[in-house]
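Enquirer: what's the 3D shape of this:
(4 chains)
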Protein chains: 2
Amino acid sequence: MTGITLADVAKYAGVSTATVSMVLCNKGRISQSTRERVLKALDESGYVYNQTAANLRNRSSNQVGLLLHDITNPFYGEMTAGLSHEMERHELMLFLANSEESAERQQKFVDSLMRNNVGGMVLCAARETPQSFFDSLKRRNIPAIMVVRPLSDPGFDFVGTDNFLGTQMATEHLLKMGHRRIAFIGGSQNSGSRAQRIGGFTSKLLEYGITPNPAWIVTSQASQSDGARVAESLLTDNPEITAAICYQDIVALGVMQCLRKLNREPGRDFALVGFDDITEAALVQPALTTVSVAAKEIGRKAGELLYSRMQGNDEPAKRIILPPALVVRESCGFR
Amino acid sequence: MTGITLADVAKYAGVSTATVSMVLCNKGRISQSTRERVLKALDESGYVYNQTAANLRNRSSNQVGLLLHDITNPFYGEMTAGLSHEMERHELMLFLANSEESAERQQKFVDSLMRNNVGGMVLCAARETPQSFFDSLKRRNIPAIMVVRPLSDPGFDFVGTDNFLGTQMATEHLLKMGHRRIAFIGGSQNSGSRAQRIGGFTSKLLEYGITPNPAWIVTSQASQSDGARVAESLLTDNPEITAAICYQDIVALGVMQCLRKLNREPGRDFALVGFDDITEAALVQPALTTVSVAAKEIGRKAGELLYSRMQGNDEPAKRIILPPALVVRESCGFR
DNA sequence: CTGAAAGCGCTTACAG
DNA sequence: CTGAAAGCGCTTACAG
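Expert: Just a heads-up that it's a prediction; the model follows:
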């Protein structure tokens, strides 16, 4: 706080505050000579614009919020980078909060955003978010874009990936390599993304005349260790399984570990596909074949949409579903 | 924007705005009955506090900024989570920006922060930051905590890890396992952290009577592929090297790839230590022995320090150096 | 214990 | 083309 206000600058330049303000915002018609005098005063005074005052006066805001449930997840790091970049382009400031899957902390953050009068927000809601959260969000009538986690509520804009198509591609890849006994490993029971991914998986199986076996579709937490745990019991009980689609790359990494423990080499004795294309996927041995969902692009698109909403775009709620891509690496072998 | 103001609530409750404000902030003495009336009005009206107005009036702010150069780096994701958690405890809103190593974007962000009148900031500055950036920051006289990347300027608070000690521990580990021909791979030429890590490395070598070989100390970009590239030429030219300390885990992962290409199995034919302890480190095969720097803790401590500065703590600038820990896994073998 | 009024630093009709 | 003045929604001395 230098403490120099627009009024000080005006006095110094010998004009009114209105004039300085207009020069600052490039509004109204100001004579060349006056403009120069003001610019000079602005420069020499070390004036710092007070956005807070402007926001109050304008009843507007240059601020938006991003709510994530896990910023440490590399996937969301990428997405955040994409969003942040987009926000910067529009001179918007980005508030970040990490709910850590707590509905309570999430609610608190959104309340803070409202008090801080943000212009909009991007949300990847916690798993156990009560419907009331979304209802109250809608009542506030402030632009909110949902990302990544599909929402059954069609009242919100959404940007995410085509989970269904993603696993269809992955499943087809395995089927074309000759696999017929394919498992689906991971995701939590109440996950909407998971339902969609299972949909892509089973529909493709059926297309090839294969009846999905419910016993081969198992849940897992989003960690390597739980992936390994779950896979171990599945594959010991059902050694005839030759391939698996995993709900997430992290889970796939766990399954890899488990395979080695069971003396089955991934990529040779067992084919594995992941989902997300996190950095690790390219690094493990064998490198993981996976469905890439362009996290950065999700962030960018969400930012774009949010900005347009803030500009007054009032088309009905929109769902932007980005096409996934199958990244073939080594974990399915080279047959 | 429901548009309901404190004045509306006051009218509704039949009191003055001063009274409502005092109830809201728990200041002054308000009779029980009045308080209840106000609380009821507050509740029924759906009033949303306008933090912007309060900030303007108070010439204060509940907002702080975090500037990173790469939010997609898992290390910074962890750090951000730690900081975010700490900020939440103090009811502070966190602005995030990603400079992507651009001094220009970094400057723009800090300028925005100033205009938005933040109470303080946490910075991990871009590599090529001009001294003028830091000078102007100091002139602003706003709390700023530097993190991770060591700064020669002692005028700033700093929170980071003990790079020197970290590589000392790593080097000692290798030496105790019998290695004598050890390389140092990675980091960029002008990195201060790297200088410190090399210091720990060479000082420990000397302690064991070994003269450091400058030809075995090579730079690399912060990517797996460049790590692999750099290691390949180093190890083909100097096959007698049996171990390496890597500047970062990502580089170490690249070195692993290269080793396989050269038909040397990491953990058996070659010992490898990383630095950072990113998630991947535990996942690769063999799991990477590395120096853990508690990224989350850096974020937390930075937040704590920032908060105390915002409360008026005016002790001289402080450096908080967190102790690293050597996490022994498999990449150095089990001899 | 409570209210009237000034003021935080901007912007914007409205005059001239 | 430029200025005087009101007002955004709070908080805080100051009276009473």
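Enquirer: Quick check: next helix or strand after the helix or strand of chain A with the lowest mean pLDDT?
Expert: Least confident helix or strand of chain A, by mean pLDDT, DSSP states H and E, is helix A:279-283 with a mean of 78. Counting by DSSP states H and E, the next helix or strand C-terminal to helix A:279-283 is strand A:289-292.
Enquirer: What residues sit buried inside the host helix or strand of residue A:251?
Expert: For residue A:251, the host element (DSSP H and E) is helix A:249-261. Under the neighbour-count criterion of 16 or more other Cβ atoms under 10 Å in any protein chain shown, helix A:249-261 has A:249-259 buried. Just so you know, the C-beta spots here come from the backbone N, C-alpha and C atoms, and that holds for glycine as well.
Enquirer: now check the least confident helix or strand of chain A, is it near chain B?
Expert: Yes - Helix A:279-283 is in contact with chain B by Cβ under 8 Å from any Cβ of the partner chain, via A:279-280, A:282-283.
Enquirer: right, and the secondary structure at whichever residue of chain A sits closest to DNA strand D would be what?
Expert: Residue nearest to DNA strand D within chain A (Cβ to the nearest atom of the strand): residue A:29, separated by 2.7 Å. Per DSSP: H, G, I helix; E, B strand; the rest coil, the local secondary structure of residue A:29 is coil.
Enquirer: show me the residues around it that make contact.
Expert: Residues counted as contacts of residue A:29 (Cβ atoms under 8 Å, 6 or more residues apart in numbering or on different chains): none.
Enquirer: what's the spacing between it and chain B?
Expert: Going from residue A:29 to chain B by Cβ to the nearest Cβ, to the nearest Å gives 25 Å.
Enquirer: Would you list the phi and psi of that residue?
Expert: Geometry field for residue A:29 lists phi and psi as phi -110, psi 120, criterion degrees, to the nearest 10.
Enquirer: got it, and residue A:49?
Expert: With angles defined as degrees, to the nearest 10, residue A:49 sits at phi -60, psi 140.
Enquirer: Could you do residue A:316 as well?
Expert: Per degrees, to the nearest 10, the backbone of residue A:316 is at phi -60, psi 160.
Enquirer: does chain B sit close to the one helix or strand residue A:43 maps to?
Expert: Assessed by DSSP H and E, residue A:43 sits inside helix A:32-45. No - using Cβ under 8 Å from any Cβ, helix A:32-45 stays clear of chain B, coming no nearer than 13.2 Å.
Enquirer: right, is that helix up against DNA strand D?
Expert: Yes - counting by Cβ under 7 Å from any atom of the strand, DNA strand D is contacted by helix A:32-45 at A:33-35.
Enquirer: Now do stretch A:310-324: everything it contacts.
Expert: A:64, A:119-120, A:143, A:154-163, A:165-166, A:169, A:291-294, A:297-298, A:301, A:305.
Enquirer: what about that stretch, how long is it end to end?
Expert: 28 Å (Cα to Cα, to the nearest Å).
Enquirer: how about low-confidence regions in the stretch 201-335 of chain A?
Expert: Across the stretch 201-335 of chain A, the ranges flagged by pLDDT under 70 are A:334-335.
Enquirer: Show me chain A divided up by domain.
Expert: A:4-48, A:61-159+A:293-321, A:161-292 (the TED database).
Enquirer: which one of those domains lies closest to residue B:242?
Expert: domain A:161-292 (21.2 Å; Cβ to Cβ).
Enquirer: contacting residues for residue A:164?
Expert: A:196-197, A:199-200, A:203.
Enquirer: which SSE is it in?
Expert: Here residue A:164, judged by DSSP H and E, is contained in helix A:163-176.
Enquirer: Check which element follows that helix along the chain.
Expert: Later in the chain than helix A:163-176, the nearest helix or strand by DSSP H and E is strand A:182-185.
Enquirer: hey, C-alpha coordinates of that next one in PDB?
Expert: Output of strand A:182-185 as PDB, limited to C-alpha atoms (Å, rounded to 0.1, in the frame of the first residue of the first chain):
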ATOM      1  CA  ILE A 182     -11.300 -59.200 -19.700                       C
ATOM      2  CA  ALA A 183     -11.800 -57.700 -16.300                       C
ATOM      3  CA  PHE A 184     -12.700 -54.200 -15.200                       C
ATOM      4  CA  ILE A 185     -10.800 -53.100 -12.200                       C
END
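Enquirer: and chain A, which residues reach DNA strand C?
Expert: A:3, A:5-7, A:17-18, A:21-22, A:24-25, A:27, A:47-50, A:53-54, A:56-58.
Enquirer: can you do 6 Å?
Expert: A:5-6, A:17-18, A:21-22, A:24-25, A:27, A:49-50, A:53-54, A:56-58 (Cβ under 6 Å from any atom of the strand).
Enquirer: Give me the buried subset of the residues you listed.
Expert: A:5-6, A:21-22, A:24, A:49-50, A:53-54, A:56.
Enquirer: just those that are near DNA strand D?
Expert: Within those, those near DNA strand D by Cβ under 6 Å from any atom of the strand are residue A:56.
Enquirer: Can you list which of the buried ones among the residues of chain A next to DNA strand C are found in helices?
Expert: In this view, those that belong to helices under DSSP state H are A:6, A:21-22, A:24, A:53-54, A:56.
Enquirer: Need these in TSV (columns: distance to residue B:225 and pLDDT).
Expert: What follows is these, written out as TSV (distance: Cβ to Cβ, whole Å; pLDDT from 0 to 100):
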residue	distance to residue B:225	pLDDT
A:6	51	91
A:21	52	93
A:22	53	91
A:24	47	89
A:53	49	94
A:54	46	94
A:56	50	94
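Enquirer: which among those gets closest to residue A:267?
Expert: When these are compared against residue A:267 (criterion: Cβ to Cβ), the nearest one is residue A:54, at 58.7 Å.
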